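Engineer: Model the structure of this input:
(one chain, ligands or ions: 1)
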Amino acid sequence: MTTSWADAVAENDDNNNNNNNNNNNQAPPARPTYIPPHLRKNPPILANPPVPAYTAPSLSGNRYSGGGGGGGGGGENFVINFAAYEDIPVETSGDNVPPPVNTFAEIDLGEALNLNIRRCKYVKPTPVQRHAIPISLGGRDLMACAQTGSGKTAAFCFPIISGILNGKYAQKPRDMRTAYPLALILSPTRELSCQIHEEAKKFSYQTGIRVVVAYGGTPVREQLAELQRGVDILVATPGRLNDLLERARVSLQMIRYLALDEADRMLDMGFEPQIRKIVEQMDMPPRGVRQTLLFSATFPKRDTVQRLASDFLANYIFLAVGRVGSSTDLIVQRVEFVQESDKRSHLMDLLHAQRDNGSHGKQALTLVFVETKKGADSLEYWLCSNGFPATTIHGDRSQQEREHALRSFKSGQTPILVATDVAARGLDIPHVAHVVNFDLPNDIDDYVHRIGRTGRAGNTGLATAFFNDNNSSISKALADLMQESNQEVPVWLQKHAAIRSYGGGGRNRRSGGGRFGGRDFRRDSGFNRGSGGADNSGNTTSPGGYGSGNNNPGAPSAWD
Ligand SMILES: Nc1ncnc2c1ncn2[C@@H]1O[C@H](COP(=O)(O)OP(=O)(O)OP(=O)(O)O)[C@@H](O)[C@H]1O
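Structural biologist: Numbers count the residues shown, from 1 in each chain. Next comes the predicted model:
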């Protein structure tokens, strides 16, 4: 028998309360000091790094449900640690920015949505929600940057749902073949679309709003059937949506809300032509008529995403919550110097230490990022052969295999997931205790999103990166990021970074700098593009007082 989400929430309620009670007062288990193998034998040539005490991630019982896993991020919730967000710096710019709220009660979201918020056990809005929801409810376009795991999904879903519930819309055309959604949420990956779909369904529970997801890699027939049953909010990846638009199975003429999640990633993945086609060349109402929301944890300031914002948004408000483009300091970041040939044994040591610290016979969920699909398969095979159940997610696996892998990982059945960047963005898996960058990415933004799979919703997490000479291009950005997130930067990494700075290693601008990517570039060099909205903004509130100064986008600035 299937149970409704609300029933599941109610059931979890009791279990979580019991678990909370059982675990709240427990002292953490004693943890051994871990000395990485490369430091036991050969210290790296560059320096004498201080040996950090390795604290294996612990499992707190209330955060670990050994249950069936389920799809998306749905069903499970863990307690958000709001104290972690108290002093977070916030910057807004744009005309007449609506003031933030402190509670959900202060905002008129409607009774049905408020009830669902309570069902989700969202007691208080997170900082990005405090600011973004009133802005969006006020009908304004928004470009919002906030750290990974800080509640951006609800920040764009709540105003959309509330707007649809309160809005008066023209009758949808009577056309059985074509679906006419009122809101469109675009996201870069299939898994993220599924997750947003699950979340949006929870938030729309018993409101009468229908949420449908469309993504590639699966037969289109089922999705078409879902669309035919009616759709108010369509969550989609750009490729599949284009397909549906070309078949005239979806029309965008009724769109009132457009949200782009992880917009920068969609552009990185080469989706720009498809997104522009969807937004500019089909039948979607123009900016200013529809309301447009752009969200990410990183918005590189010299990136095409800024152009996209100026083309898609009208008189928008720019919101940066936290030191955006930076990582949350809730994530303990470690970087260890590991030669390519030592990576596997080094990983094995980490996993052994972690296993020794596990509780209830369960191993903490560990997400291991590698560079290539082949590398992922081969590492998975090797881990499994060495007694560590692992699975993989990457672009060469079928969608069915990808979804199965994710379920198996979430449920704890396969506590290690080896992944390429396809799993780097947006996925909200509550019990990921450790992210290992087995292969570091070249781009610091990718690093930020990868490690952001842990340390979510105000909870702590651990991220370990294996660094060697092949990663020189990211050394400076990595050292800067760690410093900025109050992490201990190994001396050898500082030296590497210094060599990089002096050696003119500026080939990759994004990995060599651009830290505070989350800046309203309208404030740089008097940008004023076209008509219809992009303004020269100036209104800034910045309790944390960051981002001052440099107005020349070409020059190195305090943001770099
Ligand atoms: N107000 C709230 N109270 C309690 N929990 C919340 C609240 N808002 C969001 N959460 C929870 O916080 C977690 C992270 O939220 P979400 O996935 O939206 O983060 P995000 O900012 O989109 O992260 P990313 O940048 O990685 O995509 C989710 O499990 C969500 O249910």
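
Engineer: any chance you could map the helices in the stretch 151-300 of the chain?
Structural biologist: For the stretch 151-300 of the chain, helices defined by DSSP state H, counting those that start in this stretch occupy the ranges 152-166, 190-203, 220-228, 238-246, 263-268, 272-276.

Engineer: Including mean pLDDT, mean neighbour count and distance to residue 370, could these go into a markdown table?
Structural biologist: Glycine gets a C-beta too; all of them are placed from N, C-alpha and C. Output for these, formatted as a markdown table (pLDDT from 0 to 100; neighbours: other C-beta atoms under 10 Å; distance: least, C-beta to C-beta, whole Å):
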| stretch | mean pLDDT | mean neighbour count | distance to residue 370 |
| --- | --- | --- | --- |
| helix 152-166 | 95 | 24 | 26 |
| helix 190-203 | 94 | 24 | 17 |
| helix 220-228 | 93 | 15 | 31 |
| helix 238-246 | 95 | 19 | 24 |
| helix 263-268 | 81 | 24 | 18 |
| helix 272-276 | 91 | 16 | 27 |
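
Engineer: Out of those helices, flag the one nearest residue 430.
Structural biologist: Proximity of those to residue 430 was assessed by C-beta to C-beta; the nearest stretch is helix 190-203, lying at 11.8 Å.

Engineer: To residue 470, which of the helices of the stretch 151-300 of the chain lies closest?
Structural biologist: Nearest of these (C-beta to C-beta): helix 263-268, 21.1 Å.

Engineer: Which neighbouring elements make contact with that closest one?
Structural biologist: Under the contact criterion of 3 or more C-beta pairs under 8 Å, 6 or more residues apart in numbering; DSSP states H and E, the helices and strands touching helix 263-268 comprise helix 272-276, strand 291-296, helix 304-312.

Engineer: returning to what we had before: figure out which of the helices of the stretch 151-300 of the chain is closest to the ligand.
Structural biologist: Between the ligand and those, the tightest spacing by C-beta to the nearest ligand atom is seen for helix 152-166, at 3.2 Å.

Engineer: For the residue most central in space within the chain, which non-adjacent residue is closest in space?
Structural biologist: Within the chain, the residue whose C-alpha comes closest to the C-alpha centroid is residue 426; the distance, by C-alpha atoms, centre = their mean, is 2.9 Å. For residue 426, the nearest residue in space outside its immediate sequence neighbours is residue 192; the separation is 4.1 Å by C-beta to C-beta, 6 or more residues apart in numbering.

Engineer: ok, now which ones touch the one you found?
Structural biologist: For residue 192, the set of contacting residues under the criterion of C-beta atoms under 8 Å, 6 or more residues apart in numbering consists of 261, 262, 425, 426, 427.

Engineer: Dihedrals phi and psi, residue 249?
Structural biologist: With angles defined as degrees, to the nearest 10, residue 249 sits at phi -90, psi -10.

Engineer: do you know how far it is from residue 241?
Structural biologist: For residue 249, the distance to residue 241 (C-beta to C-beta, to the nearest Å) stands at 10 Å.

Engineer: One more: residue 365?
Structural biologist: Taking C-beta to C-beta as the measure, residue 365 falls 31 Å from residue 241.

Engineer: do residue 144 as well
Structural biologist: As defined by C-beta to C-beta, residue 144 lies at a distance of 22 Å from residue 241.

Engineer: just to revisit the earlier point, any chance of the helices and strands packed on helix 263-268 in TSV, plus distance to residue 103?
Structural biologist: Shown next, in TSV, are the helices and strands packed on helix 263-268 (distance: least, C-beta to C-beta, whole Å):
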stretch	distance to residue 103
helix 272-276	35
strand 291-296	22
helix 304-312	30
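
Engineer: Tell me which of the ones you listed sits most buried.
Structural biologist: Among those, ranked by average contacts under mean count of other C-beta atoms under 10 Å, first place goes to strand 291-296 (a mean of 26).

Engineer: Just the buried residues of the host helix or strand of residue 136, please?
Structural biologist: With elements taken from DSSP states H and E, the one containing residue 136 is helix 127-137. Using 16 or more other C-beta atoms under 10 Å as the test for burial, helix 127-137 gives 127, 128, 129, 130, 131, 132, 133, 134, 135, 136, 137.

Engineer: near the ligand, which of those residues show up?
Structural biologist: The subset of the buried residues of helix 127-137 within reach of the ligand, counting by C-beta under 6 Å from any ligand atom, consists of residue 129.

Engineer: List just the nearest of the buried residues of helix 127-137 to the ligand.
Structural biologist: Of all the buried residues of helix 127-137, the one sitting nearest the ligand is residue 129; the distance, using C-beta to the nearest ligand atom, is 5.7 Å.

Engineer: Would you mind listing the residues in contact with that closest one?
Structural biologist: With C-beta under 8 Å, 6+ apart, residue 129 has these contacts: 151, 154, 155, 158.

Engineer: quick one: low-confidence parts of the stretch 401-550 of the chain?
Structural biologist: Judged by pLDDT under 70, the stretch 401-550 of the chain has its weakly predicted residues at 458, 500-550.

Engineer: Can you tell me which residues in the chain are near the ligand?
Structural biologist: The chain has residues 73, 77, 80, 122, 124-126, 129, 146, 148-154, 297, 426, 428, 452, 456-457 near the ligand, with proximity defined as C-beta under 6 Å from any ligand atom.

Engineer: Separate out the buried members of the residues you listed.
Structural biologist: If you count burial by 16+ other C-beta under 10 Å, the buried members of the residues of the chain next to the ligand come out as 73, 77, 80, 122, 125-126, 129, 146, 148-154, 297, 426, 428, 452, 456-457.

Engineer: Domain-wise, how is this protein divided?
Structural biologist: Domains of the chain are assigned by automatic domain parsing as 5-321, 326-508.

Engineer: so what's residue 466 closest to, chain neighbours aside?
Structural biologist: residue 338 is the one closest to residue 466 (C-beta to C-beta, 6+ apart), at 4.1 Å.

Engineer: So for that neighbour, what's the pLDDT?
Structural biologist: For residue 338, the pLDDT comes out at 96.

Engineer: ok, how many other residues are close to it?
Structural biologist: By the measure other C-beta atoms under 10 Å, the count of residues near residue 338 is 23.

Engineer: Touching, it and residue 471? I think so.
Structural biologist: No: taking contact to mean C-beta atoms under 8 Å, the distance of 10.2 Å between residue 338 and residue 471 leaves them out of contact.

Engineer: List the contacts of residue 427.
Structural biologist: Taking C-beta under 8 Å, 6+ apart as the test, what residue 427 contacts is 73, 191, 192, 195, 406, 453.

Engineer: quick one, phi/psi of it?
Structural biologist: Per degrees, to the nearest 10, the backbone of residue 427 is at phi -60, psi 130.
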